[in-house]
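Chemist: sequence and predicted structure, then a few things I'm wondering about:
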Amino acid sequence: MHLLTEMQRNLKQYLEISELRKPLAFMLPYAARYWKSYAGLVLLLFGGIGAALFFTWFLQNITDAAVKGDLGRVRFLIIVGICSTIVSSLMVYANTYLSSTAIEKVKRDLKNDLFAHMLRLPTRYYGNNHSGELVSHLTNDVNGIEGAIGSSLLGMLRLPLMAAAAFIYLVHINWQLSLLCMLLVPLSLLSGAVLGKLLRRNSRLIHDHLGKVNSFLGDAFAGQLVIRSFTLEQPVYRQYEDRNQKLLAMELKVARLRGWFSVGAGAAGTVAYLLSMGLGAYFVTQNSLTVGSLLAFVSLMQYLISPLAGMAGLWGGFQRSIAAIERLQKVMNEPAEPHSLLSVPASASRVMAPSSIHFHHVTFGYDSSKTVLDNFSLTVPVGKAVALVGPSGAGKSTLFSLAQRFYRPDSGTICLDQQPIELLSNAELRSSMAYVPQETYLFAGTIRDNIAFGRLDASESEIVQAAKDANAHEFILALPHGYDTETGERGVKLSGGQKQRIAIARAVLKNAPILLLDEATSALDSETEYLVQEALERLMKNRTTMVIAHRLSTIQNADLIVVMDQGAIVEQGKHHQLLNKDGLYARLYRLQFEEKAEPVISKAGNA
Ligand SMILES: Nc1ncnc2c1ncn2[C@@H]1O[C@H](COP(=O)(O)OP(=O)(O)OP(=O)(O)O)[C@@H](O)[C@H]1O
């Protein structure tokens, strides 16, 4: 008894049934939505088996009728054969159509769910995973599931059913010959199990590698200007070539595995075929088997042998799909944000009244090894502008990320007025803030679309007004198609100053009571700088504003300047107070002043 359960456990492990359970359970609800198509496919599967048996019967009978010279029966059988060929062709069409519909619909649903889930994943996840890898999940992996929910799965269902039906028919024709076929069963189970394990492991490696190649390509295209200006085309091409070569080597390994399996399965089938032919011919000479029965037997053997040889392909496709599903499951199992933008209906995202922002004893680090903000406290009063200044890495941008809850503090609280932001949904929190980033990201689309991201239901006149307030209207009208001008991927067609004003227009349109402004570091010509500055001052009016200032000349009118260093406030006050203090602010200010002065001196020296 103990030995039996032990054997059972070993066999289970070998066939990896338990490992298959989770990925298949994950796919089941998706497939279940299209149960009608699948039910149709199962019916067609039985229809297909019936057709195979029918054609065997047909072969047996037409041969025997021909041997007996019974022309009337031959004629009748030919008519029956033509009719059944028409029916079986229709079944092939229905099978192709139904399986494609079911598979494509499941893929669509899975992509939608996956993307929705990805949108809800915490910011940290995006920091740890390359965008190319994420795209790979939505493309390579989703396309890779086909084997587990489509052709391979149905093929694998068909194989044992067909084998069982053929076996019953074979026993009916001649039981001694049928025993020969039994040899094939353990052989196919064993080789399938071994091959499955190897194929799945290799397929997982291939999917992982594909994800990395996608990430590499994403970088290569996003950074193409860097590649060109540093003439990195050759080394980048070589790296791609290497990765592609590695992929080829992996694919060839899988091909070799499948090839060996086909050889083994084919050889086993041929031996069984030759044996049954030889033995069958002997039975015919002994008159214990008719010629028709022998032909029927041989044809049935083909139904058994060819799927067995094809099993390498089916099993390979199936295992490859399981590896893809496992990768998708990993993403879907990542915990999503609890207060999700997507889980809140749009109507709930109301614009809040002007409020103050309070950081109470906030401590935070992106990872446990390094504290970025240490017991940080700051109040930004209603309608006032607080400028954050400090050396690179002081933690200024981190404050913005925490205020928008892209990350959560390790300890301490952040409040709008007296309300901790933890009590607000993402929609409530983020609709009360407009963020103008240092680098404006322009999505592919028109200028109008890009401004409308500030508020999707804005009218044309509101969009134009926002552009006017952002000092962007004039330059937009001067573009070839005005507001309909395509900005192109990554907004390559606009200058830095123009992009900034589009970002300001977005913020104007959003009309949020709190403004988070990350001032651009890149220097603008004085006219553009004036236009940007004027637009910003208009935007800041009557809003609670936090501004990260890189150019200290622009924040001299701020209500409060907070100087940060290594995650803590080291000084605060008005511009002149801080200059008089002669501390870090005064040093940074002098540094910028000298930086500006230096080229002038060196130019003068050269002259
Ligand atoms: N996504 C992130 N993951 C891990 N560490 C990060 C991340 N973003 C920032 N850091 C680290 O946190 C620290 C503070 O960065 P932060 O961007 O807040 O500084 P900053 O004052 O805004 O600098 P800068 O003026 O250069 O933008 C730095 O040491 C930085 O390396």
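Modeler: Ah, there it is.
Chemist: domain map for the chain?
Modeler: Structural domains assigned to the chain are 25-332, 433-511, following automatic domain parsing.
Chemist: I'd like the average pLDDT over the helix or strand where residue 450 lies.
Modeler: Using DSSP states H and E, residue 450 maps to helix 447-452. Averaged across helix 447-452, pLDDT comes to 90.
Chemist: keeping just the C-alphas, turn it into CSV.
Modeler: The C-alpha trace of helix 447-452 is given here as CSV (Å, rounded to 0.1, in the frame of the first residue of the first chain):
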residue,chain,number,x,y,z
ILE,A,447,-1.0,69.4,-29.0
ARG,A,448,-4.7,69.6,-28.1
ASP,A,449,-4.8,66.1,-26.8
ASN,A,450,-1.6,66.7,-24.8
ILE,A,451,-3.1,69.8,-23.1
ALA,A,452,-6.4,68.0,-22.5
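Chemist: contact partners of it?
Modeler: 442-443, 458, 460, 463, 466-467, 472, 476, 479, 482-485, 487, 491, 502, 505-506, 509 (CB atoms under 8 Å, 6 or more residues apart in numbering). C-beta coordinates here come from the backbone N, C-alpha and C atoms, glycine included.
Chemist: from those, which would you call buried?
Modeler: Applying 16 or more other CB atoms under 10 Å to these, the neighbour count classes 442, 458, 463, 466-467, 472, 476, 479, 483, 485, 487, 491, 502, 505-506, 509 as buried.
Chemist: least confident of those residues?
Modeler: Across the set of the buried ones among the contacts of helix 447-452, residue 491 stands lowest in pLDDT, at 51.
Chemist: where does pLDDT dip in the stretch 51-200 of the chain?
Modeler: The stretch 51-200 of the chain contains residues with pLDDT under 70 at 180-181, 183-189, 191-193.
Chemist: could I get the full set of helices for it?
Modeler: Remark: helices assigned in the stretch 51-200 of the chain by DSSP state H, counting those that start in this stretch are 71-120, 123-128, 131-136, 142-144, 146-149, 151-173, 175-182, 184-222.
Chemist: next one: residue 39 from the ligand, what distance?
Modeler: As judged by CB to the nearest ligand atom, to the nearest Å, residue 39 and the ligand stand 49 Å apart.
Chemist: equivalent analysis for residue 34, please.
Modeler: Distance of residue 34 to the ligand, given as CB to the nearest ligand atom: 41 Å.
Chemist: that residue and residue 102 touch, don't they?
Modeler: Yes. Between residue 34 and residue 102 there is a contact under CB atoms under 8 Å: 4.6 Å.
Chemist: between those two, point out the one with more neighbours.
Modeler: residue 102 (23 against 20; other CB atoms under 10 Å).
Chemist: distance of the closest residue to residue 454 other than its chain neighbours from the ligand?
Modeler: Distances taken as CB to CB, 6 or more residues apart in numbering place residue 509 nearest to residue 454, at 3.2 Å, with adjacent residues excluded. Distance of residue 509 to the ligand, computed by CB to the nearest ligand atom: 26 Å.
Chemist: over to residue 90?
Modeler: In this view, residue 90 and the ligand are 59 Å apart by CB to the nearest ligand atom.
Chemist: go on, residue 280?
Modeler: Look at residue 280 and the ligand: by CB to the nearest ligand atom, they are 73 Å apart.
Chemist: so who does that residue touch?
Modeler: Contacts of residue 280 (CB under 8 Å, 6+ apart): 174, 177, 289, 294, 297-298.
Chemist: look up the pLDDT of it for me, please.
Modeler: With respect to pLDDT, residue 280 has a value of 82.
Chemist: now it: which helix or strand?
Modeler: In the assignment (DSSP H and E), residue 280 maps to helix 233-285.
Chemist: okay, the angle between that helix and helix 175-182?
Modeler: Angle of helix 233-285 versus helix 175-182, following axes from the mean of the first three to the mean of the last three CA atoms, to 10 degrees, is 160 degrees.
Chemist: between the helices of the stretch 51-200 of the chain, which gets nearest to residue 409?
Modeler: Nearest to residue 409, of all these, is helix 123-128, at 13.4 Å by CB to CB.
Chemist: number of residues surrounding the residue of the stretch 51-200 of the chain found nearest the ligand?
Modeler: Of all residues in the stretch 51-200 of the chain, residue 127 sits closest to the ligand, at 4.4 Å by CB to the nearest ligand atom. If you count neighbours by other CB under 10 Å, residue 127 ends up with 11.
Chemist: that one: what's it in contact with?
Modeler: Residue 127 makes contacts with residue 366, as judged by CB under 8 Å, 6+ apart.
Chemist: which parts of the stretch 301-450 of the chain are strands?
Modeler: Taking DSSP state E, counting those that start in this stretch, the strands of the stretch 301-450 of the chain run over residues 357-364, 373-380, 385-389, 411-416, 419-420, 433-436.
Chemist: deepest of the ones you listed, which one?
Modeler: Of all those, strand 385-389 carries the top mean neighbour count, a mean of 24, counting by mean count of other CB atoms under 10 Å.
Chemist: helix, strand, or coil at residue 520?
Modeler: Per DSSP: H, G, I helix; E, B strand; the rest coil, the local secondary structure of residue 520 is coil.
Chemist: tell me how far the closest residue to the ligand within the stretch 201-350 of the chain lies from residue 69.
Modeler: At 16.1 Å from the ligand, residue 337 is the closest residue in the stretch 201-350 of the chain, using CB to the nearest ligand atom. Using CB to CB, to the nearest Å, residue 337 is found at 81 Å from residue 69.
Chemist: and residue 450, how close does it get to the ligand?
Modeler: Residue 450 sits 24 Å away from the ligand, going by CB to the nearest ligand atom.
Chemist: what parts of the protein come near the ligand?
Modeler: Counting by CB under 6 Å from any ligand atom, the chain comes close to the ligand at 127, 366, 372, 390, 392-398.
Chemist: can you turn the buried part of these into a PyMOL selection?
Modeler: Only the buried entries of the residues of the chain next to the ligand go into this PyMOL selection, using 16+ other CB under 10 Å:
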select buried, resi 372+390+394+395+396+397+398
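Chemist: ok, now which ones touch the residue of the stretch 201-350 of the chain closest to the ligand?
Modeler: Here residue 337 is in contact with 120-122, 426 (CB under 8 Å, 6+ apart).
Chemist: what do you get for residue 416?
Modeler: Contacts of residue 416 (CB under 8 Å, 6+ apart): 352, 355-358, 424, 429, 432, 514.
Chemist: name the helices or strands packed onto the strand or helix carrying residue 530?
Modeler: Using DSSP H and E, the element containing residue 530 is helix 526-540. Using 3 or more CB pairs under 8 Å, 6 or more residues apart in numbering; DSSP states H and E, the elements in contact with helix 526-540 are helix 460-469, helix 496-510, strand 514-518.
Chemist: so how far is the longest one from its chain's centroid?
Modeler: Using CA atoms, centre = their mean, to the nearest Å, the mean C-alpha position of helix 496-510 is found 30 Å from that of the whole chain.
Chemist: ok, now the shortest one?
Modeler: Chain-centre distance of strand 514-518: 31 Å, with CA atoms, centre = their mean.
Chemist: pLDDT wise, what is the residue of the stretch 401-550 of the chain found nearest the ligand at?
Modeler: Using CB to the nearest ligand atom, the single residue of the stretch 401-550 of the chain nearest to the ligand is residue 548, 6.3 Å away. Residue 548 carries a pLDDT score of 91 in this model.
Chemist: show me the contacts for it.
Modeler: Neighbours of residue 548 in contact, by CB under 8 Å, 6+ apart: 387-388, 396-397, 400, 438, 517-519.
Chemist: give me the mean pLDDT for stretch 296-308.
Modeler: Throughout stretch 296-308, pLDDT has a mean value of 72.
Chemist: my error: substitute stretch 358-371 in the last question.
Modeler: Across stretch 358-371, pLDDT averages out at 91.
Chemist: run the chain-centre distance for it.
Modeler: For stretch 358-371, the distance to the chain centre is 31 Å (CA atoms, centre = their mean).
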